[in-house]
Each structure stands twice: as C-alpha cells, then as structure tokens.
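1. A structural model of the following input is requested.
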Amino acid sequence: MKYEKVFLIGNPIAGGSAFKKITKAENILKNKGVSVETLLTEKQGDAERFAKQIKGSKILVIAAGGDGTYNEVVNGLAFSQIPMAVLPMGTTSVLAKELKIPKNTEKAIDIALKGRVQKIHLGRIKNKEKQRLFILMAGIGFDALAVFNVDSQKKRYFKKIAYILSGIKTLLNYAPTELRISNSEIKKAFSAVVCNASCYGGSFKLAPDADLRKPCFYAFLSQTRSKFELALQISGVIFGKHIKMRNTEYFRTEFLEITGDAHVQIDGDYFGKTPAQIEIVKDALNLVFPEE
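-> The predicted structure is shown next:
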C-alpha cells in the first residue's frame, strides 16, 4: 500500500444518498486494510479548512461530493505534495466525468488507491474583493447569472434540474452588457467560459482541446445579444457544433483580464462580479488519474 493514511473529506448532503455512499467508501477502505479518517462537512468552507490542516507524507485525500466540494479541497491542498482523488456523488461531478471516474463506489476507491498521480495546472481568478483557485472553468455572463439565480432549496431537492430551470429562466430574461476581454489583444463578447478542462455541465465538451495537464486555458466566447442565437449556441454545445458557429470565438490563452458588469462562477459555484483577472497556475496540484 503506497498510502499510510487516507483522509475522506465528504459532503453528506451532496447528490441524494451521499452519507450512505461515504459510509460505504469508509468501510471499503477499512476492509482493504487502509487507515482512514472521515471528515464530514457541515457548511461552506469546511472542506477547504479540513484539507489545509492535513500534513505528512504517504497521505491521500479523497474528496467525496460534487464540484463544489472538489473546488474547496483543491484550494486547501494546492501547492502541497498531498495527492487528491475524487469520489463522485454531487449534482453534476463534472471533474469525475473529465477524469472518467465511475460512479460505482468500489471502482472509484480502487482508482483512488491505485491510480497515477500527476501534476496538474489550476486557474486563479481575482476580482476587487478576493481571489480563488479553480480546477474546471470560470464562467462570465450567462452561465454565471444562471448559477446566481439557482434557488438553494431547489438545488438541494431537485439537483441538476434546478440548474436547468434557472438556465431557462435566465435565457428568457437575458439582457447582457458587453464585456472587454484582454490578453495580447482586446476582444468583445457578452458571455465567456474560460476552460481548464474539456467537460462542461456534465459530459459536454465545451473546450475539446482543454486538458488539466496542459499549462493553458481554452476560452469560448459568445458574441451575441440575441436570446435566440444564444439558444442556438447552447444547442451547439450539446451537439458539439458550437466552435464553428457564427458570433463565437475559441482560443488558447494563459491569462485574461475581463472588464464590464457581469456575474462570475467558478467550478459551478458563484464567485462574484467583474472586473476580474484569470491566470494559469502551473504544477499546482497532485491529482489521481485512472491507470491507462
């Protein structure tokens, strides 16, 4: 066994039966002879705080939850040598889909213990109030407003449907302001998604060229005010045709500065508002991948 101890950081209300799955995972680990300590979150920020307190060598942290839980653990473990594995059980668990981690608890635990540990690059976003690391993406404009509009009670009980309903409501009332997006040149758009990973909203490939092991982002811009055209672009994402659609732009970058008045989300959770700066942070996290 290459790990002397495993810390299982879990969100007991993620998805539906998360607490049962976390307990099952704990039992699987113990049956394999692994020393395990389970840390259950009660409120936002707990997972990050738990991760920051973990020290030592030959230690593995398994983040059990959805993308919000993963983001917190990432912010707690970044720049340490302690690897992170994921156990999917959240509303979407996009990171698990990116890594091809199965929902089956036994198989996911097996990958966590036996998988390859690789250095990955993270995103860092800053606005006037705060800064934070992200692992998947930063969304500015439409999708961030949809996240902002999600009813917390509906999210708890209706899971992914709550996001879909919020997206429909947001689209019907869509009235964006123009964004200025700068790296080596200035681009104009009404919505943007800066991707560190290829998957988005599930298994949809918003940035098919993005990879956690590449030291760059791939940005997708929507350059239309039209609700109808935006709806077409969203359907284009579903069918993998969005990159070639009119009033869109897709490019590689390591840094972006975004000005304008828009909401921002990172890894599916609300972050705040623009203006914001986004940069790649190289070799920032040890992450467990399935053996190829």
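
2. what residues go with each domain of this structure?
-> 5-114, 124-280 (automatic domain parsing).

3. out of these, which one sits most buried?
-> Greatest average neighbour count among the domains of the chain goes to domain 5-114 (a mean of 20), per mean count of other Cβ atoms under 10 Å. C-betas here are computed from N, CA, C, even on glycine.

4. now the residue lying closest to Phe204 once chain neighbours are set aside: how far from Ser222?
-> Nearest non-adjacent residue to Phe204, counting by Cβ to Cβ, 6 or more residues apart in numbering: Val237, 5.3 Å away. Distance, Val237 to Ser222, using Cβ to Cβ, to the nearest Å: 10 Å.

5. Asn71 is in what secondary structure piece?
-> Element membership for Asn71 (DSSP states H and E) is helix 67-77.

6. quick check: mean pLDDT across the host helix or strand of the residue nearest to Phe204?
-> Per DSSP H and E: Val237 is located in helix 227-239. Mean pLDDT, computed over helix 227-239, is 94.

7. so how far is Lys188 from the residue nearest to Phe204?
-> If you go by Cβ to Cβ, the gap between Val237 and Lys188 works out to 21 Å.

8. ditto for Leu40
-> 46 Å.

9. restrict stretch 183-190 to CA atoms and write it as PDB.
-> This file holds the C-alpha atoms of stretch 183-190, laid out as PDB (Å, rounded to 0.1, in the frame of the first residue of the first chain):
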ATOM      1  CA  ASN A 183      -4.800  39.100 -23.300                       C
ATOM      2  CA  SER A 184      -2.500  40.200 -26.100                       C
ATOM      3  CA  GLU A 185      -5.400  41.800 -27.800                       C
ATOM      4  CA  ILE A 186      -8.900  43.100 -26.900                       C
ATOM      5  CA  LYS A 187     -11.900  41.000 -27.800                       C
ATOM      6  CA  LYS A 188     -15.600  41.900 -27.200                       C
ATOM      7  CA  ALA A 189     -18.200  39.400 -26.000                       C
ATOM      8  CA  PHE A 190     -21.400  39.100 -24.000                       C
END
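
10. by mean pLDDT, flag the weakest helix or strand of this structure.
-> Here the helix or strand of the chain ranked lowest by mean pLDDT, DSSP states H and E is helix 152-158, holding a mean of 55.
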